[in-house]
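Participant: Here is the input, now give the coordinates:
(chains A and B)
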Amino acid sequence: MKNKKMELLQLLQQDCRIPLEKLSVMLGQPAETVAGMIDDMERSGVILRYTPVINWDRLGKERVEGMIEVRVTPQRDEGFDAIAKRIYRFDEVKSVYLMSGAYDLLLLVEAPTLKELALFVSSKLSVLDNVIGTATHFVLKCYKNEGIIFEDEPRDRRLAVNP
Amino acid sequence: MDYTRFLNASVSAVPKSGIRKFFDIVQTMPKAISLGVGEPDFVTPYHIRNAAIDSLLDGETQYTSNWGKLSLRNEIAYYVERRFGLKYSPENEILATIGASEGIDLALRAMLTPGDEVVVPEPSFVSYCPGVIFAGGVPVPIKTDADNNFMLTAEALLAALTDKTKALIMPYPNNPTGGVIDRESLEKLRDVIIGNDLIVISDEVYAELTYGPGAHVSIASLPGMRERTVYINGFSKAFAMTGWRIGYACAPAPLMENIVKIHQYAIMCAPNQAQVAAEEALKRGREDDYADITVMRESYNRRRRLMFDSFRKMGLSCFEPLGAFYVFPSIKKTGLTSETFCERLLKEKEVACVPGTAFGACGEGFIRCCYATALDKLTVALERIDDFIHNL
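Facilitator: Reported below is the predicted structural model:
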């Protein structure tokens, strides 16, 4: 059953809108069983949300994304958790990771304009206690996200009909 | 200039592959979704490609032994024993070939003398009958039935035998039907084969792609059959390595002597880099229990279930294919011939399938659909076929 769960997750990651009936056929399991597996994983927080992967460039809407390396002072008893919590509450912050290596936290941030993102760094992030330093990198172009290639669809190189 | 005089008449007499015509039409329709392919939709796993690149950079650009590299043959020997219980000596019973296709061709040429008959169960891969003719033999097609899951029966084999029958081609797991054959049927066939002193050329290139409860059984693994089987396999389907053109033939040494003779004069050796890649595929597999294959097989299996289920829901009669990556539904209820069905489906709905007749006359009334296609495309193609059938 554990394998079936992995298979189910793989399918949902490919396309979370595959109807239950089709999932059940592909996994060779009754629809109720598959529905139960999905329920379980939703309830236990394995599946958090079903969201689209968006290629914003195609929309032509101005939008700024960046990655910010943050160095912080860990706090007694709390380690990095308390400061991470402070940071992830900002709406601008999409993701927060605790990292090994030269810095501590990596943030994925987004804002409507460059100015607003800059403002976030200067007035919200770097002024926090325990934040020692930041390095902001702006995203120039997204080639691949969530396993999906953003360029034009790669060509199927196979001959269309063969024996 | 009239070239007729220069052309081998028996070659000229062999009709062109029925697949060609569809290929030509599909080429003009860039938006068509093709279920007509006969190869995996995976790219060869990275580590395998990388091994070939490394060997190129290392300057491994020479001929290899006629037999193929010994290190590769050692891996093949280990692999066929572990997976299928077959024992062959890497020294003189295993030959690396240019795809499984070369193995079939070599076996036929090494064994047939003019007039020998070769029994070919159909529907089956397009190359068998022409191969027999090119080798001077006479193909004797036997029809297999959907009602019997397209398995060859001992009775049908017996009925096809004459005093000229020398060999039988065993095409399981089967392209185009997706049919597999079980041990019990193989045992019955064995009695006929041994009783009539036949030799078998067993094309098991889809051996790793089976989805039933039991693993694939090789006819060569049955008692008494190793000595009368030329076992053919390759890397194309199991490891998504079609373009590398690398396979192998295994047979008892006395048969292999002739087989290798043709190979060494005609081919010299399989391409060096393809051999390196194949060796890497097997070496890694030895360590990780063939994880490359497992991942691909599971992905095919999900799509197989979907496709089989969809055809049934469309009201087409379709036996459950337990091998390869094809579904072979009957389209008889539409009243169309296989060829008309496929031509109209392609022109009206932009979905390409292959008419069953491309794989033998008894394929009439069936179409071959390959499910080694991205799930989203497969889903659209199935909707279109459904639409096509219900608006005929």
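Participant: Show me which residues of chain A are close to chain B?
Facilitator: A:7, A:11, A:14-15, A:18, A:22, A:25-28, A:156, A:158-163 (CB under 8 Å from any CB of the partner chain). (Glycine included, C-beta is placed from N, CA and C.)
Participant: and with 7 Å instead?
Facilitator: A:7, A:14-15, A:22, A:25-28, A:158-163 (CB under 7 Å from any CB of the partner chain).
Participant: list the contacts for the closest residue to chain A within the stretch 201-350 of chain B?
Facilitator: Nearest residue of the stretch 201-350 of chain B to chain A, counting by CB to the nearest CB: B:Arg302, 4.0 Å away. When contacts are counted by CB atoms under 7 Å, 6 or more residues apart in numbering or on different chains, B:Arg302 touches A:7, A:26-27.
Participant: Narrow these to those in helices?
Facilitator: The helices, defined by DSSP state H, take in A:7, A:26-27 from these.
Participant: Just the buried residues of the one helix or strand B:Asp54 maps to, please?
Facilitator: Using DSSP states H and E, B:Asp54 maps to helix B:46-57. Across helix B:46-57, burial judged by 16 or more other CB atoms under 10 Å in any protein chain shown covers B:48-49, B:51-52, B:55.
Participant: Check stretch B:313-321 too.
Facilitator: Those would be B:314, B:316, B:318-319, B:321, for stretch B:313-321 by 16+ other CB under 10 Å.
Participant: Run a quick neighbour tally on the closest residue to A:Val96 other than its chain neighbours.
Facilitator: Spatial nearest neighbour of A:Val96, chain neighbours left out: A:Tyr88 (4.7 Å); criterion: CB to CB, 6 or more residues apart in numbering or on different chains. A count of neighbours around A:Tyr88, defined by other CB atoms under 10 Å in any protein chain shown, yields 13.
Participant: Just the buried ones out of the residues of chain A next to chain B, please.
Facilitator: For the residues of chain A next to chain B, buried by 16+ other CB under 10 Å: A:7, A:22, A:25-27, A:158-163.
Participant: quick revisit: hang on, the residue of the stretch 201-350 of chain B closest to chain A is in a helix, isn't it?
Facilitator: Yes: counting by DSSP: H, G, I helix; E, B strand; the rest coil, B:Arg302 is located in a helix.
Participant: what about it, distance to A:Val70?
Facilitator: Distance, B:Arg302 to A:Val70, by CB to CB, to the nearest Å: 42 Å.
Participant: how about whichever residue of chain A sits closest to chain B, what does it touch?
Facilitator: Relative to chain B, the nearest point of chain A is A:Val161 (3.6 Å; CB to the nearest CB). By CB under 7 Å, 6+ apart, the contact list for A:Val161 reads B:19, B:22-23, B:26, B:34, B:36-37, B:352, B:354.
Participant: One more: B:Asn196?
Facilitator: Residues near B:Asn196 by CB under 7 Å, 6+ apart: B:Leu161.
Participant: Tell me the spacing between it and chain A.
Facilitator: Between B:Asn196 and chain A the distance is 30 Å, computed by CB to the nearest CB, to the nearest Å.
Participant: so which strand or helix has A:Tyr50?
Facilitator: Applying DSSP H and E, one finds A:Tyr50 in no helix or strand.
Participant: I appreciate the help and will end here.
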